[in-house]
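Asks: how would this look folded up:
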Amino acid sequence: MDLHFGDSKPTDEERAAVDALLGPPESSWEGADRSDADLRWARGGREARDRRDLLLPGLHALNDRIGWISDGALDYLCRRLTVPPAEAYGVATFYAMFSVKPRPATVLHVCTDLACAAAGAPELCAGIEERLGLGSGVTVERSPCLGLCERAPAALAIRAGDPVRTAVSAPATVERAVLAASAPDSAPEEPPAALAVPQAGQDGLMLLHRVGVVDPASLDDYRAHGGYTALRRAFELGPAGVIREVTDSGLVGRGGAAFPTGRKWQATASQPDRPHYLVCNADESEPGTFKDRVLMEGDPYALVEAMTIAAYATGAHRGFVYLRGEYPRALHRLEHAIAQARARGLLGDDILGQGYAFDLEIRRGAGAYICGEETALFNSIEGYRGEPRSKPPFPVEKGLFGKPTVENNVETLVNVLPVLTMGAPAYAAIGTDRSTGPKLYCVSGSVERPGVYELPFGATLGDLLTLAGVREGLRAVLLGGAAGGFVRADELDIPLTFEGTREAGTTLGSGVVMAFDDSVPLPRLLLRIAEFFRDESCGQCVPCRVGTVRQEEALHRIVERTGADAAGDIALLREVGRAMRDASICGLGQTAWNAVESAIDRLGAYE
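Replies: Just a heads-up that it's a prediction; the model follows:
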């Protein structure tokens, strides 16, 4: 490995930020102040390289403390981890939340994605920028979805320092957003997670029954409401018995791919290569998705318990929660829950006295939609750019750190708790034959009661929108988020199952349901989707890297009525869309054309 460091030096504050994470340097090679040391070779180089997975936390430490990452700070972090600075620069510039150029300590992220755009985000941004003016000490950044769609429009203020301070403004006004940015400690407290659950406290809920009922900070309250009953049953069944229950329940992944969870767990557990890892994908970046945030904020111990069960079943002793960087409250709630579980013997070397060892770490993302793809997520944790890997080999064989890995999202894991407490047959009896159990839906847009709803599979789109109070003038519904598809207002009888939406020519995805009325300009909405995919493409493969740009260019021409006529651009869009769908490495490029195609074919968007 050839390491070339620059001449820039870190400031004392930057050194302190890195040292707080990694500990003090032990040699001059790592940056210790020892004039008699020989810098031509590094002690412990292999050991340092084994810590490369701390690169992302190190970048967060610098960005949180200083507000941006200087050349000197990056060089110092690279010395500590024996990472080539050029590679670390590639990682730092991959994520939207980091900056390698000087900027003010306070950044105000204002969501301009679909739900917020429909709720007036462009006007909000203009008003904030006018109010703050130049020299305010605040950088205003137009951001993709912040996962606060039920309270659109939304803004997130982050002020660097020790400690870093954050404030959420949602629903945001110019005055509230400016207050959050200028005085985050004085900004109003976020409403409780239960406010995002219109059904909170109702009988019959399985996944949301504790949200708004228990104190999310109290382990005792969680246990008083059935917490850790499922883990005790898991220990009674044994690993093979747990996998059998999950398989018999018919539980499939809730992130959109709908892969059978029991098969994934069995494939990982049967691998002879050790160690095994467990990863929770909590990087829900799909525009319109916020269910995992609500679960983590309102019922964090449920995720800790479910991950412990999954690890026990698959033979993993170390797990990671890869959490969206835009979720500060979820981060604090999970950190507290993990610490309390560890202190009470529910994580660690001997869980519940059963002789089983398992522990959890949280790794924060930094603003990259592509890291929702499982292999891109693995690369991100390992300290590389979050680019997807080619498959095979699949993660169950070679995943995180090249070892067998099981990866599930938050909703999938939390479903394991009722599977074990009520038994596989009872769970499988809910829903339909091919889509079993309950499902969470993120409803936003032109509805009276936006939020997270829990319904059994098989309920219709109309049933869900009736609960949410759909407004008059409904024009279209977007299912599955930006990677999903539109349906017409007269198609509300579509059953909300994986097979039902597939037969209707659309997708259920992760459960996004966004309603749009006649006041929303559809061509501008489609252009925002195209801009989103262009920004979020990792650029690794040509079909996606070039195709997302060409798609956006064609939609710009149609909206602005310049260049070729609409018919020619629509033909180009179809050709580019087919190429992306057929040849892209991962799901981002394969689905980037879906929403636009459905709007043209089902809604007549440009007629």
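Asks: contacts and neighbour counts: CA atoms only from here.
Replies: Noted.
Asks: count of residues packed around Glu607?
Replies: 7 (other C-alpha atoms under 10 Å).
Asks: OK, contacts around it?
Replies: Contact analysis of Glu607 by C-alpha atoms under 8 Å, 6 or more residues apart in numbering lists nothing.
Asks: Make 17 the first number, not 1, from now on.
Replies: That works, and once the first residue is 17, the last one we named lands at Glu623.
Asks: Tell me which stretches of the stretch 367-516 of the chain form helices.
Replies: Ranges of helices within the stretch 367-516 of the chain are 390-398, 426-438, 440-444, 477-484, 514-519, based on DSSP state H, counting those that start in this stretch.
Asks: Out of these, which gets nearest to Thr330?
Replies: helix 426-438 (13.1 Å; C-alpha to C-alpha).
Asks: Give me the pLDDT for Ala58.
Replies: pLDDT, Ala58: 57.
Asks: Skipping its backbone neighbours, what lies nearest Gly516 in space?
Replies: Ile510 (6.7 Å; C-alpha to C-alpha, 6 or more residues apart in numbering).
Asks: rewinding a little: kindly present the helices of the stretch 367-516 of the chain as a markdown table, with separate columns for mean neighbour count and mean pLDDT.
Replies: Output for the helices of the stretch 367-516 of the chain, formatted as a markdown table (neighbours: other C-alpha atoms under 10 Å; pLDDT from 0 to 100):
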| stretch | mean neighbour count | mean pLDDT |
| --- | --- | --- |
| helix 390-398 | 24 | 97 |
| helix 426-438 | 23 | 98 |
| helix 440-444 | 19 | 98 |
| helix 477-484 | 18 | 97 |
| helix 514-519 | 16 | 93 |
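Asks: would you list those helices in TSV and tack on distance to Val463?
Replies: Listed next are the helices of the stretch 367-516 of the chain as TSV, based on distance: least, C-alpha to C-alpha, whole Å:
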stretch	distance to Val463
helix 390-398	32
helix 426-438	23
helix 440-444	31
helix 477-484	6
helix 514-519	21
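Asks: Tell me which of these approaches Gly603 most closely.
Replies: Going by C-alpha to C-alpha, the one of the helices of the stretch 367-516 of the chain nearest Gly603 is helix 390-398, 10.5 Å.
Asks: Determine the number of other residues adjacent to Lys280.
Replies: 21.
Asks: As a check, name the ranges of all strands in the stretch 17-166 of the chain.
Replies: With DSSP state E, counting those that start in this stretch, the ranges of strands along the stretch 17-166 of the chain come out as 122-127, 154-159.
Asks: how far out from the middle of the chain is the last one?
Replies: In terms of C-alpha atoms, centre = their mean, to the nearest Å, the centre of strand 154-159 is found 20 Å from the chain centre.
Asks: Packing partners of that strand?
Replies: In this structure, strand 154-159 makes packing contacts with strand 122-127, helix 137-148, judged by 3 or more C-alpha pairs under 8 Å, 6 or more residues apart in numbering; DSSP states H and E.
Asks: The strands of the stretch 17-166 of the chain: which one's closest to Leu481?
Replies: Once the strands of the stretch 17-166 of the chain are compared by C-alpha to C-alpha, strand 122-127 is nearest, at 24.1 Å.
Asks: Could you check the closest one and say which residues are buried?
Replies: Thr122, Val123, Leu124, His125, Val126, Cys127 (16 or more other C-alpha atoms under 10 Å).
Asks: cool, stretch 545-561 as well?
Replies: 545-554, 557, 559-561.
Asks: hey, C-alpha coordinates of that stretch in PDB?
Replies: The C-alpha trace of stretch 545-561 is given here as PDB (Å, rounded to 0.1, in the frame of the first residue of the first chain):
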ATOM      1  CA  ILE A 545     -38.000  12.200  -9.200                       C
ATOM      2  CA  ALA A 546     -35.500  12.300 -12.100                       C
ATOM      3  CA  GLU A 547     -33.300  14.800 -10.300                       C
ATOM      4  CA  PHE A 548     -33.300  12.600  -7.300                       C
ATOM      5  CA  PHE A 549     -32.100   9.600  -9.200                       C
ATOM      6  CA  ARG A 550     -29.400  11.600 -11.000                       C
ATOM      7  CA  ASP A 551     -28.100  12.900  -7.700                       C
ATOM      8  CA  GLU A 552     -28.300   9.500  -5.900                       C
ATOM      9  CA  SER A 553     -26.700   7.400  -8.600                       C
ATOM     10  CA  CYS A 554     -23.300   6.200  -7.300                       C
ATOM     11  CA  GLY A 555     -22.000   6.400 -10.900                       C
ATOM     12  CA  GLN A 556     -20.400   2.900 -10.800                       C
ATOM     13  CA  CYS A 557     -22.200   1.500 -13.900                       C
ATOM     14  CA  VAL A 558     -22.700   3.300 -17.200                       C
ATOM     15  CA  PRO A 559     -26.400   2.500 -17.700                       C
ATOM     16  CA  CYS A 560     -27.400   4.300 -14.500                       C
ATOM     17  CA  ARG A 561     -24.700   6.900 -14.500                       C
END
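Asks: Contacts for that stretch, please.
Replies: With C-alpha under 8 Å, 6+ apart, stretch 545-561 has contacts from 129-130, 160, 384-386, 402-403, 498, 564-565, 567-568, 571, 595-596, 599-601, 604-606, 608, 611.
Asks: How far away from the center of its chain is that stretch?
Replies: 18 Å.
Asks: do the same with stretch 388-395
Replies: 11 Å.
Asks: Pipe the buried residues of strand 122-127 into JSON lines and attach distance to Tyr328 and pLDDT per row.
Replies: Compiled in JSON lines, these are given as follows (distance: C-alpha to C-alpha, whole Å; pLDDT from 0 to 100):
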{"residue": "Thr122", "distance to Tyr328": "42", "pLDDT": "97"}
{"residue": "Val123", "distance to Tyr328": "41", "pLDDT": "97"}
{"residue": "Leu124", "distance to Tyr328": "41", "pLDDT": "97"}
{"residue": "His125", "distance to Tyr328": "39", "pLDDT": "97"}
{"residue": "Val126", "distance to Tyr328": "41", "pLDDT": "97"}
{"residue": "Cys127", "distance to Tyr328": "39", "pLDDT": "97"}
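Asks: Tell me the one among these nearest to Leu490.
Replies: Nearest member of these to Leu490, counting by C-alpha to C-alpha, is Cys127, at 23.3 Å.
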